[in-house]
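*Asks:* sequence below, structure please.
(2 chains)
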Amino acid sequence: MTLHVDGVSYAYGAKPALDGVGFRAERGRFTALLGPNGAGKSTLFGLLSGLLTTRSGRIEVAGHDMARAPRAALAAMGIVFQQTTLDLDLTVRQNLRYFAALRGLSGRAAGPRIDAALERLNMAERAGEKVRALNGGHRRRTEIARALLHNPQVLLLDEPTVGLDAAARRGITDHVHDLARDGMAVLWATHLTDEVAADDHLLVLHRGRVLADGPATDVTGNRPLAETFLTMTSTPA
Amino acid sequence: MTGALTALFAIIAREALRFVHQRERFVAALVRPLVWLLVFAAGFRAALGLSITPPYQTYITYETYIVPGLLGMILLFNGMQSSLSLVYDREMGSMKVLLTAPLPRWWLLFAKLLGSTAISILQAYVFLAVAAVFGIRLLAVGYVAMLPALVLAGLMLGALGLALSSFIKQLENFAGVMNFVIFPMFFLSSALYPLWKMAESSRLLHDICAFNPFTHAVELIRFAAYGDFNGMALLWTLLALAVFGALAVWGYDPARGMTRAR
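*Replies:* Numbers count the residues shown, from 1 in each chain, chains lettered A, B, ... in the order given. Coordinates of the predicted model:
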């Protein structure tokens, strides 16, 4: 297994956000974390990325315990946050180089990796452009390319298609499915059912609990996913 | 270890690059102390008689007196400005990129602090150069001896900004900090008038000024500017740096949930 979450709870003061959440995201698999707004997806991502910590439960990334060895765990992870986190006044390449350096990759070591990551996301010809000049879809691709620079084993994406048009959304969803097919463990949070493919692994998160965990086709049965999802999340958890 | 250094230089370089992109900020940072020096000080000279106190050996003009205080002002404003940019970073999410780097958090904060201090010091020397053009000069040795004092004062005030930024959740709250931190710190210090002068008007005000770490940062710079050394000021500045630094590290501890998901 590559990402293992076990019995994780978190509360903002007295208000619980996550309640005993547990699941696995395996290598070579696209795991879709589907939940309505307010389900606890962002809190979960905060915990997975070490921006929040909790004492209840356990998070393990590529064999590294997030609580005991947070830096080894972070080194094995690529993260795409919900908001854009790029420097708008820097070029695509400058943004990537800054990130690579934060991961300890000096200019010489980072160069070929930056080229490869941009190539992979079809962004190579935009390397010299300022991020401010890019559209939303290309900014997202830049962020995904950035998250791949250090060859992570686990890729986390928190609602990465927010604010994108249909074509860009489709392009990015397809790209990340390819990355999973190539052997990466992908955890993709979304509230949009059409981003989940039939052969994905599906987690349904609602009011801080995991309601379903299994291959998408098993979870839905014969019904369309959108319908299953609405039924599941309309009843109190 | 080399990885940590690579990250350190990248963070400093990013800070510098950002500064280059904000030319207005540079001009504002330079105009502010120059207005004080060339307008305020000229008027004030007539109203205020200064006697000889260390490190001065002879009578000095008010313009000469105020220079170290204005250097302190540059460092203070810059420290707060970079703290403001941290709050902005957090709202914009780029702070998340920094804090999820696989390095110790105190190291990342230290790198950020070094970056902003380097920019402060650059501004301080540009200010000194402009002041020299207007005839307000120091001895050559002063310009060199001042550097470590400026570094230390810059780190201390930057750490204060860093600590403040960890407790301010929104950009809107920042205006209050400007009013309640920058102005009291600047006016209740030896930047504009020597402490003995303050004591003449109020013992309490004098004691507040003597407690204010900014006073000691300014005095450290003032003594260094004359190739002199003020041990007390050094001690106070170091102590304040340690306290503010510890507060910042504590403030950015994830267990406190400062980067709470929204």
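
*Asks:* interface residues of the stretch 1-150 of chain B facing chain A?
*Replies:* Within the stretch 1-150 of chain B, the residues that sit near chain A (CB under 8 Å from any CB of the partner chain) are B:2-4, B:6-7, B:9-11, B:13-14, B:17-18, B:21, B:92-94, B:96-104. Heads up, the C-betas are built off the backbone N, CA and C, glycines and all.

*Asks:* strands - which of those residues land there?
*Replies:* Judged by DSSP state E, strands contain none of the residues of the stretch 1-150 of chain B next to chain A.

*Asks:* show me just the buried residues among the residues you listed.
*Replies:* B:3, B:6-7, B:10-11, B:14, B:18, B:92, B:94, B:96-103 (16 or more other CB atoms under 10 Å in any protein chain shown).

*Asks:* okay, and which of those residues map to helices?
*Replies:* Here DSSP state H is the test, and these give B:3, B:6-7, B:10-11, B:14, B:18, B:92, B:94, B:96-99 as lying in helices.

*Asks:* could you find the closest non-adjacent residue to residue A:217?
*Replies:* residue A:198 (5.5 Å; CB to CB, 6 or more residues apart in numbering or on different chains).

*Asks:* now do the SS call for that neighbour.
*Replies:* Using DSSP: H, G, I helix; E, B strand; the rest coil, the structure places residue A:198 in coil.

*Asks:* what lies in contact with the helix or strand harbouring residue A:73?
*Replies:* Element membership for residue A:73, per DSSP states H and E: helix A:70-75. Here helix A:70-75 makes contact (CB atoms under 8 Å, 6 or more residues apart in numbering or on different chains) with A:49-50, A:59-62, A:64-66, A:103, A:150, A:152, B:100-104.

*Asks:* inside strands: which ones of these?
*Replies:* Those of the contacts of helix A:70-75 mapping onto strands are A:59, A:60, A:61, A:64, A:65, per DSSP E.

*Asks:* tell me the confidence at residue 221?
*Replies:* All of this is about chain A. Residue A:221 is assigned a predicted lDDT (pLDDT) of 82.

*Asks:* not what I meant, chain B
*Replies:* pLDDT, residue B:221: 96.

*Asks:* just checking, it touches residue B:68?
*Replies:* Yes: between residue B:221 and residue B:68 there is a contact under CB atoms under 8 Å: 4.4 Å.

*Asks:* count of residues packed around residue 63?
*Replies:* Chain wasn't specified; assuming chain A. Neighbourhood size, residue A:63 [other CB atoms under 10 Å in any protein chain shown]: 13.

*Asks:* hmm, I had chain B in mind actually
*Replies:* 20.

*Asks:* ok, it - contacts?
*Replies:* Residue B:63 neighbours (CB under 8 Å, 6+ apart): B:37, B:41, B:42, B:45, B:136.

*Asks:* again, only using 6 Å
*Replies:* Residue B:63 is in contact with B:41, B:136, counting by CB atoms under 6 Å, 6 or more residues apart in numbering or on different chains.

*Asks:* also residue B:160?
*Replies:* residue B:244.

*Asks:* swap in 10 Å and give it another go.
*Replies:* The contact partners of residue B:160, taken as CB atoms under 10 Å, 6 or more residues apart in numbering or on different chains, are B:76, B:79-80, B:83, B:181, B:185, B:213-214, B:240-241, B:243-245, B:247-248.

*Asks:* in helices, which of those fall?
*Replies:* Counted as lying in helices by DSSP H, out of the contacts of residue B:160, are B:76, B:79-80, B:83, B:185, B:213-214, B:240-241, B:243-245, B:247-248.

*Asks:* in ChimeraX, select just the buried ones from these.
*Replies:* Buried members of the ones in helices among the contacts of residue B:160 can be picked out in ChimeraX with the line below, counting by 16+ other CB under 10 Å:
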select /B:76,79,80,83,185,213,214,240,241,244,245,247,248
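
*Asks:* show me how far stretch A:172-184 is from its chain's centre.
*Replies:* 12 Å (CA atoms, centre = their mean, to the nearest Å).

*Asks:* helix, strand or coil for the closest residue to residue B:128 other than its chain neighbours?
*Replies:* Distance criterion CB to CB, 6+ apart; nearest residue to residue B:128, sequence neighbours excluded, is residue B:143 at 6.8 Å. When classified by three-state DSSP, residue B:143 comes out as helix.

*Asks:* quick one: pLDDT of residue B:143?
*Replies:* At residue B:143, pLDDT is 93.

*Asks:* again, but for residue B:29
*Replies:* Residue B:29 is given a pLDDT of 80.

*Asks:* and for residue B:234?
*Replies:* At residue B:234, the model reports a pLDDT of 95.

*Asks:* dump the residue contacts of the residue lying closest to it once chain neighbours are set aside.
*Replies:* Nearest residue to residue B:234, sequence neighbours excluded (CB to CB, 6+ apart): residue B:220, at 5.9 Å. Shown in contact with residue B:220 (CB under 10 Å, 6+ apart): B:68, B:72, B:146, B:148-150, B:152-153, B:156, B:229-238.

*Asks:* can you tell me the closest non-neighbouring residue to the one residue in chain B that gets nearest to chain A?
*Replies:* Here the residue of chain B nearest chain A is residue B:3; by CB to the nearest CB that distance is 2.5 Å. With CB to CB, 6+ apart as the criterion, residue B:3 has its nearest non-adjacent residue at 2.5 Å, and that residue is residue A:104.

*Asks:* then residue A:145?
*Replies:* Nearest to residue A:145 is residue A:117, by CB to CB, 6+ apart, at 4.0 Å.

*Asks:* mind checking how far the helix or strand that neighbour falls within is from the chain centre?
*Replies:* Under the criterion of DSSP H and E, residue A:117 resides in helix A:107-120. A distance of 21 Å separates the centroid of the chain from that of helix A:107-120, by CA atoms, centre = their mean.

*Asks:* quick one: list the elements packing against it.
*Replies:* helix A:92-102, helix A:136-148, helix A:166-181, helix B:2-21 (3 or more CB pairs under 10 Å, 6 or more residues apart in numbering or on different chains; DSSP states H and E).

*Asks:* turn those into JSON lines, columns for distance to residue A:78 and mean pLDDT.
*Replies:* Formatted as JSON lines, the helices and strands packed on helix A:107-120 follow (distance: least, CB to CB, whole Å; pLDDT from 0 to 100):
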{"stretch": "helix A:92-102", "distance to residue A:78": "10", "mean pLDDT": "94"}
{"stretch": "helix A:136-148", "distance to residue A:78": "3", "mean pLDDT": "93"}
{"stretch": "helix A:166-181", "distance to residue A:78": "9", "mean pLDDT": "92"}
{"stretch": "helix B:2-21", "distance to residue A:78": "17", "mean pLDDT": "87"}
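
*Asks:* between the ones you listed, which one is closest to residue B:57.
*Replies:* Of all the helices and strands packed on helix A:107-120, it is helix B:2-21 that lies closest to residue B:57, at 37.4 Å by CB to CB.

*Asks:* the contacts of residue B:220, buried ones only, as a ChimeraX selection?
*Replies:* Entered in ChimeraX, the line below selects the buried ones among the contacts of residue B:220, by 16+ other CB under 10 Å:
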select /B:68,72,146,149,150,152,153,156,230,233,234,236,237,238
